[in-house]
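Q: can't give you the sequence, but here's the structure:
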Ligand SMILES: Nc1ncnc2c1ncn2[C@@H]1O[C@H](COP(=O)(O)OP(=O)(O)OP(=O)(O)O)[C@@H](O)[C@H]1O
Ligand SMILES: CC(=O)N[C@H]1[C@@H]2OC[C@@H](O2)[C@@H](O)[C@@H]1O[C@H](C)C(=O)O
């Protein structure tokens, strides 16, 4: 037997595994590196976050990725070059983090890498009947395994697509395994570039659990922060706080079939981008809006669409706790508006549940790899969008 197969088998049988989860999201802010200690599987999964770092991307790398990111027409050579480049870079960043933390790479069992999404195209978006849901993440796992010498799981989303899902959101699995609590209706709200939430009913019934994207989180705010402020984001919503919401533009922004589609559903910056906003401005005759008013309207757009989606799963006579994560939780303009819109919900952070909200998505991929190794038995019912599968492809270091 190939000794690497034996090694994989041995890791799968361990009572506890050390797994590094990696996430580089739609905001292109940096690589989230979460070193987790995980035991059990399925609803008995136990995660301790040992270390966490976000390694910021420099402007040069962001610019390279942006040449192909969420664009329907790109330079194919650039895509081909970035695939191994990002894999090697992620591998090197893992080694750097381990060195900072004074941890030997040989003590890590698995790397679980999301990669960089470069294009996301569910059927509802591409609308070409003969083609399935589609999504593409790059930063090949073979390069991460070769550089780090650590067994690597990667490319988690394709299996979800192969079983009828849209390849996202995958948060449903990790959120159910880590955060489901009998007796409490929970909503795990992640506000990254795109916002999504997981609904965890108090009865703990896996067949009622789902995660759905709600639309933009920070992606439009960041795009206009780059444009108006020459900064990667509007820190603490300071610029947005100077503006007034324009109701006509807000209405035009909310006019899109994505918001009428049933849960679970996904989207990305392929839809919600500067061109989308410019079109809404043209339709609502608000092209001359003051930049601060535009920013305030975009914050309201994110808040309204998140709140309206959450209202669809909440009942007036029940209590819900919302646990926030993702960069948007740091923006008081966004969270303040959400609190106003959802007065019946009690707001907190996933940190209260033991997982740092900035690390949550990276932890998810560690949990998914753990499930592929040691679980895979939890049924989420026979629903499209939450297939019961083991995700991730294996890369051996040699
Ligand atoms: N202090 C702050 N004030 C305002 N916004 C902030 C602040 N801190 C972080 N953010 C926002 O959070 C973003 C990063 O969020 P996060 O890392 O969760 O995104 P992501 O993981 O790339 O996205 P996705 O979940 O869509 O893949 C930043 O680009 C910025 O918009
Ligand atoms: C295709 C893709 O990368 N989607 C991301 C993105 O970022 C947030 C939202 O859009 C979510 O659908 C997903 O990531 C999280 C980790 C998920 O799959 O749950």
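A: Looks like it came in fine. These numbers come from a predicted model, not from an experiment. Numbering: from 1, shown residues only. Ligands and ions are numbered 1, 2, ... in the order given.

Q: What helix or strand is the residue in the stretch 1-150 of the chain positioned nearest to ligand 2 located in?
A: Closest residue of the stretch 1-150 of the chain to ligand 2, CB to the nearest ligand atom: residue 117 (3.5 Å). (Glycine included, C-beta is placed from N, CA and C.) Here residue 117, judged by DSSP states H and E, is contained in strand 110-121.

Q: Any idea how many residues pack against the residue of the stretch 101-250 of the chain found nearest ligand 1?
A: When scored by CB to the nearest ligand atom, the stretch 101-250 of the chain has residue 192 as its residue closest to ligand 1, at 2.1 Å. Using other CB atoms under 10 Å, the number of residues around residue 192 comes to 22.

Q: shouldn't it be in contact with residue 25?
A: Yes. With contact defined as CB atoms under 8 Å, residue 192 counts as touching residue 25 (4.8 Å).

Q: which residues do those two both contact?
A: residue 361 (CB atoms under 8 Å, 6 or more residues apart in numbering).

Q: Going by neighbour count, list what's buried in the longest helix anywhere in the chain.
A: Longest helix of the chain, by residue count under DSSP state H: helix 76-100. Judged by neighbour count using 16 or more other CB atoms under 10 Å, the buried positions of helix 76-100 are 82-83, 85-91, 93-94, 97-98.

Q: how near is the residue of the stretch 1-150 of the chain closest to ligand 2 to residue 154?
A: Plainly put, residue 117 is 13 Å away from residue 154 if you go by CB to CB, to the nearest Å.

Q: okay, and the common contacts of those two?
A: Joint contacts of residue 117 and residue 154 (CB under 8 Å, 6+ apart) are residue 137.

Q: How is this structure divided into domains?
A: Domain segmentation of the chain under automatic domain parsing yields 3-170+358-395, 181-353.

Q: Save the ones you listed as CSV, and put in mean pLDDT too.
A: Below are the domains of the chain laid out as CSV (pLDDT from 0 to 100):
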stretch, mean pLDDT
domain 3-170+358-395, 96
domain 181-353, 97
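
Q: Which residue is it, in the stretch 251-398 of the chain, that comes closest to ligand 1?
A: Minimum separation of the stretch 251-398 of the chain from ligand 1 (CB to the nearest ligand atom) falls at residue 327, amounting to 1.7 Å.

Q: from memory that residue sits against residue 28, does it?
A: No. Judged on CB under 8 Å, residue 327 makes no contact with residue 28 at a distance of 11.5 Å.

Q: hmm, back to that, ok, the residue of the stretch 1-150 of the chain closest to ligand 2 to residue 138 distance?
A: 8 Å.

Q: So for the two, which sits in the more crowded spot?
A: Using other CB under 10 Å, the more surrounded residue of residue 117 and residue 138 is residue 117, with 25 against 21.

Q: ok, what's across the strand from that one?
A: Beta-bridge partners recorded for residue 117 (DSSP bridges): residue 137.

Q: what's near enough to touch residue 67?
A: 74-75, 78.

Q: on that earlier part again, quick one: list the elements packing against the strand holding residue 117.
A: Contacts defined by 3 or more CB pairs under 8 Å, 6 or more residues apart in numbering; DSSP states H and E place strand 110-121 against strand 16-24, helix 76-100, strand 134-138, helix 141-148, strand 152-154, helix 360-374.

Q: Check which helices and strands the first one sits against.
A: Using 3+ CB pairs under 8 Å, 6+ apart as the contact test, the elements touching strand 16-24 are strand 30-39, helix 76-100, strand 110-121, helix 360-374.

Q: Tabulate these (CSV), appending distance to residue 308.
A: Below are those laid out as CSV (distance: least, CB to CB, whole Å):
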stretch, distance to residue 308
strand 30-39, 28
helix 76-100, 35
strand 110-121, 22
helix 360-374, 23
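
Q: Quick check: residues of the protein near ligand 2?
A: Within reach of ligand 2 by CB under 6 Å from any ligand atom, the chain has these residues: 25-26, 117, 120, 135, 167-171, 192-194, 196, 211, 213, 266, 268, 361, 364.

Q: Tell me the buried residues within those.
A: By neighbour count, with 16+ other CB under 10 Å, these hold 25-26, 117, 120, 135, 167-171, 192-194, 196, 211, 213, 266, 268, 361, 364 as buried.

Q: Could you list which of the residues you listed belong to helices?
A: Among those, the ones falling in helices (DSSP H) are 171, 361, 364.

Q: check contacts around the nearest residue in space to the second one that is not next to it in sequence.
A: Just to be clear, that refers to residue 361. Leaving out its chain neighbours, the residue that sits closest to residue 361 by CB to CB, 6 or more residues apart in numbering is residue 23, at 4.4 Å. Residue 23 makes contact with 31-32, 34, 114, 361-362, 364-365, according to CB under 8 Å, 6+ apart.
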